[in-house]
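K.L.:
starting from these lines, generate the structure:
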Amino acid sequence: MRVASKNAEAPGSGRDRVLFLLKRDGPQATAQVAQQLGVTAMAVRQHLSVLYGEGLVEFSDEQRKIGRPARIWRLTPKANARFPDHHAGLAVEMLQVVQSTFGEEGLERLTDGWTRKQVAAYRAQMPRQDLPLDQRVAALVRIRCEEGFMAECRPAQDGTIELVENHCAIAKAAHFCTRLCGGELTLFREVLGDGVTVERVEHFLAGDRRCTYRILANPSAS
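P.N.:
As a prediction, the model looks like this:
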């Protein structure tokens with residue numbers, strides 16, 4: 001199972017599509033990017049050369065057992081500005097005003113209220129909780145994609161489900177107020193229903209390139 005909404009498909013221009021793939025799938029060699037885009041390696045190298053000049057990508061040469069080192073490309077922090085961060089400046093300013101006016105307690109009340117509002121909005125879009133867990137996770141992925149998180153889900157080897165968010169659409173606000181990240185965990189647990197465990201195993205704010213969640217049904221709850 002691998003689900004992503006239409007909003008998560010690569011945009012039109014060649015350079016934007018290269019950026020999208022590096023954002024969604026992480027560091028890659030030129031040949032990998034070319035294969036996914038269905039173009040020549042030369043075309044991808046031309047795009048990467050321009051993006052490198054703009055400071056949006058960087059590379060490292062990785063040694064291989066046989067042959068020449070492989071050049072692996074990745075996004076720079078500057079490239080994150082090319083992806084949506086919903087009303088970033090306004091959100092941070094409002095959080096700062098709440099904190100300065102009402103203190104940490106006021107900020108906590110605000111974020112808790114925001115989480116409750118999200119739970120209600122998501123539940124209105126989620127399928128019945130008696131449906132299989134993978135269908136509920138797929139529905140959650142579609143909602144997150146619509147909000148700009150470049151989400152996808154897939155089965156893991158241990159039988160759990162991985163929900164991956166390749167972009168944080170609220171990164172600036174989350175850096176200022178980490179309670180928003182805790183609210184996301186609460187949100188996922190609430191909308192996926194009783195008897196479901198959700199754990200964050202990769203975290204953008206902790207230095208990972210994305211957020212990844214491990215989701216499983218709790219047998220003791222059945």
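K.L.:
how about the strands in this protein?
P.N.:
In the chain, the segments counted as strands under DSSP state E are 28-29, 57-62, 70-75, 151-155, 161-165, 196-202, 211-217.
K.L.:
buried ones in the longest helix along the chain?
P.N.:
Secondary structure assigned by DSSP state H gives helix 88-123 as the longest helix of the chain. Going by neighbour count (16 or more other CB atoms under 10 Å), the buried part of helix 88-123 is 88, 91-92, 95, 98-99, 107, 110-111, 115, 118-119, 122. From N, CA and C alone the C-beta is placed, and that goes for glycine too.
K.L.:
over to stretch 124-131?
P.N.:
Judged by neighbour count (16+ other CB under 10 Å), stretch 124-131 contains these buried residues: Met126.
K.L.:
circling back: nearest to Phe83, of the strands of the chain?
P.N.:
Shortest distance between Phe83 and the strands of the chain, using CB to CB, is found for strand 70-75: 9.3 Å.
K.L.:
quick one: mean pLDDT over that closest one.
P.N.:
Taken as a whole, strand 70-75 has an average pLDDT of 92.
K.L.:
packing partners for it?
P.N.:
helix 14-25, strand 28-29, helix 30-37, strand 57-62 (3 or more CB pairs under 8 Å, 6 or more residues apart in numbering; DSSP states H and E).
K.L.:
quick one: closest of those to His167.
P.N.:
In terms of CB to CB, the element of the helices and strands packed on strand 70-75 nearest to His167 is helix 14-25, at 6.1 Å.
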